[in-house]
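Q: All I have is the shape, not the residue letters:
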């Protein structure tokens, strides 16, 4: 997706929201692009839902602006904004059929019956609800109810669809299916989606870009791959997926770790030797051997402390020589997986290019 200034649908300009003495959102600047799937990610209380509600118009910021297509909509009431907010509860009308639930908003807008029926038929087809049109919500599964709520939000063709934890009520397997379904729908209808979630896997699967929030500010914003492979801080590194972190002192070519020695990685030009630093490496980037590896720049030894079988891979918890713990993911197809047991002596090795050195 190529993005330029003209592609921006919504821009958040220094948005700040306070509740009494607590600052929920603190000077956030973000932009959401045309036809983009954007995720606001972060732990509970980080400000992501408050940010979403300010975009929708349900909260008015104390400072800053919400711009839509360059126009200031900060003070507009929710029903005057070309955005729709889909709530966690779905809020379907229990006495109405699927078709009536979907058409209700257009009926309230006074759309003529021919145009209304055409739009409803089109939306039922897009959301794959054609065969369920005559059912009521209590005759639907959780995933089907979620699709009805989506259809009802999409039928008014908003410029932006806002989704607050849309999959939180679904079980794990159905949630995985609906992640792909949401992505498919977003591409088909060509509307900008902004989704709030605390589930990092959900954000990685669905989003074109992610803003990871912490304490009311955006800690890092970028493509999923960028946040995963190049976290800008320890918080980002540990929130997005599993990460091994080793604290020590920065040198010219890595981090000196007490009890483990020098672990190598690329050092940023503005960093100074001797400052506190953390070397981070993903569990899947580490290779395990039972003999000292040859020619590896990063190699540390330890003993297997615990094994966690995940089906497709094995989580190997390793107690290192200095007493610290490390996690390594080994493919179930790797021959070494079957030979590991508690207290097995092993070596962990990885390339410096897979190290991420963090000073914040």
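A: Everything's here; your move. Because the structure is predicted, anything quoted here is derived from the model rather than measured.

Q: Tell me the secondary structure of the residue positioned nearest the centre of the chain, please.
A: When C-alpha atoms, centre = their mean is applied to the chain, the residue found nearest the centroid is residue 203 (2.5 Å). Classification of residue 203 using DSSP: H, G, I helix; E, B strand; the rest coil returns helix.

Q: Contacts for the longest helix belonging to the chain, please.
A: Assignment by DSSP state H gives helix 172-189 as the longest helix of the chain. For helix 172-189, contacts defined as C-beta atoms under 8 Å, 6 or more residues apart in numbering pick out 35, 37, 126-127, 141-143, 146-147, 150, 154, 163, 166-167, 170, 193, 195, 202, 205-206. In short, each C-beta sits where N, CA and C put it, glycine included.

Q: ok so, going back, where's the residue nearest to the centre of the chain relative to residue 116, distance?
A: The gap separating residue 203 from residue 116 is 35 Å, by C-beta to C-beta, to the nearest Å.

Q: Among the contacts of helix 172-189, which ones are in helices?
A: Using DSSP H, the members of the contacts of helix 172-189 that fall within helices are 126, 142, 143, 146, 147, 150, 154, 202, 205, 206.

Q: Name the SS class of residue 248, please.
A: strand.

Q: So in terms of bridging, what pairs with it?
A: Using DSSP bridges, the bridge partners assigned to residue 248 are residue 277.

Q: can you tell me which residues contact it?
A: 255, 256, 257, 258, 260, 263, 276, 277, 278, 279.

Q: any idea which of those is closest to residue 301?
A: Ranked by distance to residue 301 (C-beta to C-beta), these are led by residue 260 at 9.2 Å.

Q: from memory that closest one sits against residue 320, does it?
A: Yes - between residue 260 and residue 320 a contact is recorded at 6.5 Å, counting by C-beta atoms under 8 Å.

Q: Which residues are in contact with each of these two?
A: Shared contacts of residue 260 and residue 320 (C-beta under 8 Å, 6+ apart): residue 300.

Q: And the average pLDDT for the helix or strand harbouring residue 64 is what?
A: Per DSSP states H and E: residue 64 is located in strand 63-68. Averaging pLDDT along strand 63-68 gives 97.

Q: outside of stretch 292-310, which residues touch it?
A: Counting by C-beta under 8 Å, 6+ apart, 260-261, 263-265, 281, 287, 314-321, 325-326, 340-352, 355 sit against stretch 292-310.

Q: give me that answer again for 7 Å
A: With contacts defined as C-beta atoms under 7 Å, 6 or more residues apart in numbering, stretch 292-310 is touched by 260, 263-264, 314-321, 325-326, 340-352, 355.

Q: ditto for stretch 322-337
A: So stretch 322-337 is in contact with 242, 244, 258-260, 283-284, 286, 288, 302, 305, 311-320, 348, going by C-beta under 7 Å, 6+ apart.

Q: out of those residues, which are buried?
A: Buried subset of the contacts of stretch 322-337 (neighbour count, 16 or more other C-beta atoms under 10 Å): 244, 260, 283-284, 286, 288, 302, 313-314, 316-318, 320, 348.

Q: For stretch 13-22, buried residues please.
A: Result for stretch 13-22 [16+ other C-beta under 10 Å]: buried residues 13, 15, 16, 17.

Q: Next: stretch 327-346.
A: Within stretch 327-346, the residues scored as buried using 16+ other C-beta under 10 Å are 327, 328, 329, 330, 336, 337, 340, 344, 346.

Q: repeat for stretch 189-206
A: Buried residues in stretch 189-206, defined by neighbour count with 16+ other C-beta under 10 Å: 189, 191-200, 202-206.

Q: do stretch 284-302 as well
A: Those would be 284-288, 293, 296-302, for stretch 284-302 by 16+ other C-beta under 10 Å.

Q: repeat for stretch 246-262
A: For stretch 246-262, by 16+ other C-beta under 10 Å, it's 246, 248, 250, 251, 254, 255, 256, 257, 260.

Q: That stretch: end-to-end distance?
A: Start-to-end span of stretch 246-262 (C-alpha to C-alpha, to the nearest Å) is 11 Å.

Q: swap in stretch 278-289?
A: Taking C-alpha to C-alpha, the first and last residues of stretch 278-289 lie 24 Å apart.

Q: before we move on, what about stretch 147-164?
A: Terminal-residue distance, stretch 147-164 (C-alpha to C-alpha): 14 Å.

Q: Narrow the contacts of stretch 322-337 to those in strands?
A: The strands, defined by DSSP state E, take in 244, 288, 302, 305, 313-320, 348 from the contacts of stretch 322-337.

Q: Tell me the one among the residues you listed nearest to residue 137.
A: Nearest member of the ones in strands among the contacts of stretch 322-337 to residue 137, counting by C-beta to C-beta, is residue 313, at 39.3 Å.

Q: show me the contacts for that closest one.
A: 329, 330, 331, 332.

Q: quick one: it and residue 98, what's the gap?
A: Distance from residue 313 to residue 98, by C-beta to C-beta: 41 Å.
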